[in-house]
Every structure is written in C-alpha cells, then in structure tokens.
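Visitor: Okay, here's the prediction I keep looking at, along with the sequence it came from:
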Amino acid sequence: MDGKSLNLTEEKLGKLREIIPEVFTENKIDWEKLKAALGDDIEFKNERYVLNWAGKSDAFRILQSPTTATLVPDRDESVDFDTTENVFIEGENLEVLKVLQKSYFGKIKMIYIDPPYNTGNDHFIYPDKFSETKDEYLRRIGDKDETGFMTREGLFRKNSKDSGHYHSNWLSMMYPRLFLARNLLRDDGVIFVSIDDNEVHNLRLIMNEVFGEENFRNSVIIKRGAKSVQAQFDTWDKLGNGYETVLFYTKNSNYRFPQKERQLKEAKDGGWNSHWRGTDRPTMRYELFGKNPETGQWRWSKERSYKAIENYKAMLKELGLTEHTIQQADIDNWYNAKITDIERDIDLLRLSKKGKPEHYIAPTGTQLLNDVWFDFPPNSSSVLRKLFEKKIFDNPKPLSLIKRVLDFGSNDIILDFFSGSATTAHAVLEANKRDGGNRRFILVEMRVDGRLQRSSLNGTLSGQGYLDDYASVIAGLISLYEATGEIEWPQEPLAL
C-alpha cells in the first residue's frame, strides 16, 4: 500500500475505459465521442480527414513568429573557421532553423534527425511552452550555471504519459521544426527521421501533412538493442521490440534515385531459376526448346531468350565441355572472367535436368536494397566507447545507418538539427575519406550542462584521425545568441 486514499474519480474512469476505450483521447474523455458511442447526437463537427491535436494553433503561432536570434562565430573554439565548410551550431534548434531560412532556403540536399521518441520518460531537450510569453521563454532558456552553460532546470521538461497532452506536446514540438526543415530542402531534397513505436503513427501523419502524402517513400526498419527489462518476470504485458523505424520522405514527388544495393556478408554462388512464370501475358508466350505454353509467360522476350541460348552453347564450346559434364563452378568462373565494366550482364538459358527452361542467376556479393536494414549493428556504443574509453551516450545512432542514408546524395549539404552524439558528422567525414567526396554538414545541438556535445564532435574527429587527414574540413563552432543587432553570420551560405 502506498498510504494514499482511493481516488473514486480515477476508479470510475478506469471502469469506463474498460467498457468504451474509444471515447478516450490522451487519457481524457472526448465528450463528442462519448455522445456518439451512446447513440446521442451522432454528429462530429467539421467532419473531414484531418490531423488535429490540442495546441496545434499555438504550434502554428510559434512557427510563424519571427526570431531576433543571431549566429555569432565562436572562433576560439573553432578550427580553421574561415576556410571550413562544416558548421556545428550550438543553440535551440527551432530558433536556429528560423535563422537558417534566409541563407539556406531551398539549398539543403539531405536532412537526418533522431528526435525524442516520447517514451514517457523523455525530458524534451527542446520544450516549447506555448502559454508563456516571449520574454518568459527567453528568461527560461537563459538560465545558466556559473560557467555559462544551460541548466537542466531552465531547459529540460519531462513529458510524462500521465500528462493530459502527452501526444499533443510531442506533436507541437515536432510540427514547427519539420515545417521549417522542409523549407530548407532543395527540390530534389530528402529527409530521414528515426522514431520508435511510441510516436511512429503520429510522425507519419504529421509528415504527410508537412511534406505531402505523395512524398512518403518508405518506412525503413532497423535493429534496436535488446531490452531485457521483462526477462526477470514470468508473465509479460507485451513482446520485446527488436526494431526501430526510419521514415523516408522527399520534397518533390517526381524525385527518383539510382538503384541501391547492399553488401552481403558472404557472396552468393551462381544458380538457376525457372524461366516460366504464372502471370498471363500472351505476347510473352512463344516456342522455346519445342515448348509453347498455353498459359503464363516466359521471363524474357523471344529475342533475349534466343540470344541467351546461343550464349550458353558458345560457353560450352569455349570451355570444351558438354551440358552433362559442366559444373556450376565452371559456369561461375567463366561468367566472372567475362564480365567487364562495359558488359555487366551475360544472359544464359538452358534446359534443366528435368527438361524445363531455366535461366542463369549470376554470382553476386550484393543484394538490391529494400526497407529492412538489419545488416548493421543496432547502435554505435562500441564506436564511441573506443573513442572516449567510457560510456558517453545511452543509444547513439548506428554509424552505418547514416552512412547508408548519405548514399542518397553525393557532394551535398547534410543537416542534422538533433545532433546528439554527432554521428552524422562522423558519417560524413568517413564517407568523404572513403570516396574522396566533398559532403558537408550543418549540425545543431543545445549547449547544456558542459561541453558534452562539442566534446562528442571533437572526439569523433580526433579519435578517427580526421584532425590530421582533414584539417581543412573540421567544423567551425557557431554560438546562437539572442540579439537585436545586425546578424554577423551567415550573411551568405557558408557551406555551398
């Protein structure tokens, strides 16, 4: 017993929730839904398909309010400030996104963010208290310790599941940031957002509204670290979750990207597949090896199939073998020797031992990329532990994830305004080192409780040897200050 008296209201609400759960929204009764559920006055106001939540109007007002913030160079903490093409901005990201609108509107190719997941234990690093005035807001985020860093009391605010606006608070935090982020994207721009089951449904809806449903491309799933909290119990309330989601949207629905592949851990040997398929296309039925099916179709056109048969006969003649003596390894070795940068594929077609047409599947070390990305570790904890020789962040994003995301661009600007452990910077520099590219990053993170964020960036750079190899591309540090004077930087885009 906890010593508290019985709360009769909560008990009644609990019983009502068991009977008609559909009338509750964010743990509160929606009276309009209750009347409808009871058959009384079944008429919903403004009946249409729309995403709405408590505080959406305030979120719009916050979005549209101008900022007086100024970006001021921090040259003492920067490396090669005047020549660098990478930027690390310390500041509240909503204000930073507003400041960046002038110089980077329509100029960012790619955005990756890993926002708060709204687990119920999150202290939103970027809380927007819509009921407070601008002066109150500035005083709150101005709370600093004796060393000049933001304090948790002045900045962090927990969004508990007990809150009556649990989902609404998160939506109000995300909406203006996503809206401003879209403005920064080029017409061929892309955005990837990491999330888990707590808010993936709402994130999909809010991104449909901001970017357009037609610009949704994929809901990618990646592995997450195993959670063993329930392992100590004999009964569970739910199964463990082994994945997280990365939503992929574009700025323009006409945008297409090159075919993507992923490396296999072990290369696959060549093999053979049936040349017949069940889909019924009369124009793809013709005589092949004396067979002319009445239904279904052959895989290839008549011309391609006949050419593939000739290729197989030519291979046997070249190798001095017959269809009875040739082995799979002979075919794979011949194929690999023939393939060049100019001739990437050679079709082969034959009759199987059962007398059915089959075509050759070449050996490969790659696989066409789909929306299941389980081929890399669930996080970068071991990478950061190697850099810092201790645990710094609980769940740093997988370095391999962001490196793969970077493949959707080339020598472009990548923005991450929930920078965290600076994995995006790490991935950009590794990608440039790998292929000699010229990708550039803009990272945004709050300066709070010491120099943790900039330390993560410096650790990433120095720990991987980039200070020596890439002295000219180390991030210039910019501080965001509230000011009313002329903006000192950036008058023009720095990283173009």
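Guide: That came in fine, so what should we check first?

Visitor: Please, where are all the helices along the stretch 301-450 of the chain?
Guide: 302-319, 328-338, 381-388, 399-406, 423-435 (DSSP state H, counting those that start in this stretch).

Visitor: least reliable of the ones you listed going by mean pLDDT?
Guide: Among the helices of the stretch 301-450 of the chain, helix 381-388 carries the lowest mean pLDDT, at a mean of 54.

Visitor: which residue sits closest to residue 331, ignoring its sequence neighbours?
Guide: Spatial nearest neighbour of residue 331, excluding adjacent residues (C-beta to C-beta, 6 or more residues apart in numbering): residue 270 at 6.0 Å. No exception for glycine: its C-beta is placed from N, CA and C like everyone else's.

Visitor: surely the one you found meets residue 363?
Guide: Yes - here residue 270 reaches residue 363: they are 4.4 Å apart, a contact under C-beta atoms under 8 Å.

Visitor: Pull up the overlap in contacts between these two.
Guide: Residues within reach of residue 270 and of residue 363 at once, by C-beta atoms under 8 Å, 6 or more residues apart in numbering, are 332, 335.

Visitor: Contacts only, for the closest residue to residue 199 other than its chain neighbours.
Guide: Take residue 199 and drop its neighbours on the chain: the residue closest to it by C-beta to C-beta, 6+ apart is residue 118, 4.9 Å away. With contact set as C-beta under 8 Å, 6+ apart, residue 118 has these partners: 159, 166, 167, 170, 198, 199.

Visitor: residues touching the closest residue to residue 214 other than its chain neighbours, list them.
Guide: Nearest residue to residue 214, sequence neighbours excluded (C-beta to C-beta, 6+ apart): residue 253, at 4.3 Å. By C-beta under 8 Å, 6+ apart, the contact set of residue 253 is 212, 214, 215.

Visitor: list the contacts for the nearest residue to residue 420 once chain neighbours are set aside?
Guide: Leaving aside its chain neighbours, residue 420 sits nearest to residue 114 (6.2 Å; criterion: C-beta to C-beta, 6+ apart). Residues near residue 114 by C-beta under 8 Å, 6+ apart: 193, 194, 397, 416, 418, 420.

Visitor: mind checking how far the fifth one is from residue 113?
Guide: With distances defined as C-beta to C-beta, to the nearest Å, the gap from residue 418 to residue 113 amounts to 5 Å.

Visitor: The last one too?
Guide: If you measure residue 420 against residue 113 using C-beta to C-beta, the figure is 10 Å.

Visitor: Please identify which of the two sits among more neighbours.
Guide: residue 113 (23 against 20; other C-beta atoms under 10 Å).

Visitor: isn't residue 308 right next to residue 347, touching?
Guide: Yes - using C-beta under 8 Å, residue 308 makes contact with residue 347 at a distance of 3.7 Å.

Visitor: For residue 436, give me its contacts.
Guide: So residue 436 contacts nothing (C-beta under 8 Å, 6+ apart).

Visitor: returning to what we had before: so for the residue nearest to residue 331, what pLDDT did the model give?
Guide: pLDDT, residue 270: 94.

Visitor: next one: residue 248
Guide: In this model, residue 248 carries a pLDDT of 97.

Visitor: That one sits in which helix or strand?
Guide: Assigned by DSSP states H and E, residue 248 belongs to strand 243-250.

Visitor: How far off centre is that strand?
Guide: Centre-to-centre, strand 243-250 and its host chain are 5 Å apart (C-alpha atoms, centre = their mean, to the nearest Å).

Visitor: How about stretch 234-251?
Guide: With C-alpha atoms, centre = their mean, you get 14 Å for stretch 234-251.

Visitor: Going by neighbour count, which residues in the longest strand along the chain are buried?
Guide: In the chain, assigned by DSSP state E, the strand with the most residues is strand 185-195. Using 16 or more other C-beta atoms under 10 Å as the test for burial, strand 185-195 gives 185, 186, 188, 189, 190, 191, 192, 193, 194, 195.

Visitor: and what of stretch 197-215?
Guide: Neighbour-count burial for stretch 197-215 [16+ other C-beta under 10 Å]: 198-200, 202-208, 210-211, 215.
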